[in-house]
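Participant: Just need the structure, nothing else, for what follows:
(one chain, ligands or ions: 1)
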Amino acid sequence: MRITIFGASGLLGNALMREWSDDAVTGLSTRDVDIRDAKRVQQTAQETRPEWIVLAAAYTDVDGCESHPDLAFAVNRDGAANVATAAKLVGARLTFLSSDYVFDGKKTTPYETGDVRNPQSVYGRTKAEAEIKLLELMPDCCIVRTSWLFGSGGKCFPDTILKLAASRPALDVVNDQRGSPTFAVDLARAIIQLCRKSATGIVHATNSGNCTWFEFAQEIVRSAGLATTVRPASSQQMARPAPRPAYSVLSPTPLQALGIEMPSWQDALRRYLEQRERPASHVVS
Ligand SMILES: NC(=O)c1ccc[n+]([C@@H]2O[C@H](COP(=O)([O-])OP(=O)(O)OC[C@H]3O[C@@H](n4cnc5c(N)ncnc54)[C@H](OP(=O)(O)O)[C@@H]3O)[C@@H](O)[C@H]2O)c1
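Facilitator: Sure, this is the predicted structure:
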């Protein structure tokens with residue numbers, strides 16, 4: 001297959017580029033094409049002639065979206081529509097990356113793919129509106145909702161915790177938001193399988209299991225063998241510009257129905273930390 005990936009320079013994009021073999025893959029970043037530019041997106045699709053497009057490009061700074069909503073909607077919703085229109089033009093199928101933040105976090109059991117969207121942040125709204133627009137433009141597209149991405153090739157939570165733990169004896173981390181951490185490598189592998197299986201509709205793809213950010217940080221510090229104390233904090237104490245859902249665990253049922261199982265987040269974290277270089281001075285003897 002000929003595959004074109006928008007957002008190939010990001011966290012997920014990097015993993016997709018590394019994991020995807022046996023197909024002809026073209027990876028694009030903003031340097032190649034800005035998805036806000038509809039004409040340029042169409043031209044790119046005509047040049048690369050993909051059979052499948054993976055749209056991982058997005059403005060992902062959740063707090064930045066609150067202060068720059070016009071940019072957020074222009075990239076995440078209108079840019080996504082530009083890519084879908086171009087996909088239609090060249091007869092390509094489309095996989096679009098969406099987020100757990102399309103939900104309000106009021107549930108206490110995993111969100112099903114058909115649950116009502118009720119985003120609480122600008123970022124969540126851009127993703128929810130993009131989903132609706134894409135399903136209108138291309139009913140057979142595949143929407144992959146994921147959450148709490150980590151991996152190499154971009155800023156991620158484990159790296160932040162390890163960096164902070166290197167210079168502080170204690171860290172306060174939010175303990176009232178629960179979700180599923182997701183290793184970009186595992187997500188990339190799931191996306192590749194979804195494309196090969198010609199999946200359509202909405203699926204949820206995260207590592208299995210769930211935790212709070214506090215529990216995630218505890219596991220990171222413990223697995224890295226660091227002595228830093230991790231203390232539970234509330235979202236109110238650690239106020240951020242964008243509200244986050246208190247609970248955003250995503251049900252894997254449709255993914256499992258396609259025969260795709262995701263490893264646990266603890267296993268994923270172990271593999272990530274193994275592949276990541278660990279500074280010797282942070283290790284407790
Ligand atoms: N990170 C998470 O925790 C998380 C959670 C749920 C869902 N998601 C979704 O998963 C997808 C991948 O996320 P990620 O964390 O890998 O993102 P990321 O690391 O922030 O990378 C974003 C990518 O989008 C590209 N991009 C940004 N603005 C663009 C524009 N106007 N035109 C073309 N390309 C543009 C960037 O290119 P440059 O490098 O050239 O700027 C980069 O390749 C996104 O759709 C995101 O919303 C992420």
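Participant: Can you read off the pLDDT for the residue in the chain positioned nearest to the ligand?
Facilitator: Going by C-beta to the nearest ligand atom, the ligand is nearest to Gly10 of the chain, at 2.1 Å. In this view, the C-beta of every residue, glycine as well, is placed from N, C-alpha and C. Per-residue confidence (pLDDT) for Gly10: 97.
Participant: Do a quick rundown of the strands in the stretch 101-250 of the chain.
Facilitator: Under the criterion DSSP state E, counting those that start in this stretch, strands of the stretch 101-250 of the chain are mapped to 142-146, 149-150, 170-174, 178-179, 182-183, 201-204, 211-212, 229-233.
Participant: need those strands in a markdown table with mean neighbour count and distance to Ala81, can you?
Facilitator: Shown next, in a markdown table, are these (neighbours: other C-beta atoms under 10 Å; distance: least, C-beta to C-beta, whole Å):
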| stretch | mean neighbour count | distance to Ala81 |
| --- | --- | --- |
| strand 142-146 | 23 | 13 |
| strand 149-150 | 22 | 23 |
| strand 170-174 | 18 | 33 |
| strand 178-179 | 22 | 27 |
| strand 182-183 | 26 | 25 |
| strand 201-204 | 21 | 17 |
| strand 211-212 | 20 | 35 |
| strand 229-233 | 16 | 39 |
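Participant: on that earlier part again, what separates the residue of the chain closest to the ligand from Asp63, distance-wise?
Facilitator: In this view, Gly10 and Asp63 are 17 Å apart by C-beta to C-beta, to the nearest Å.
Participant: check whether stretch 156-169 contacts the ligand.
Facilitator: No: judged by C-beta under 6 Å from any ligand atom, stretch 156-169 stays clear of the ligand, getting no closer than 7.5 Å.
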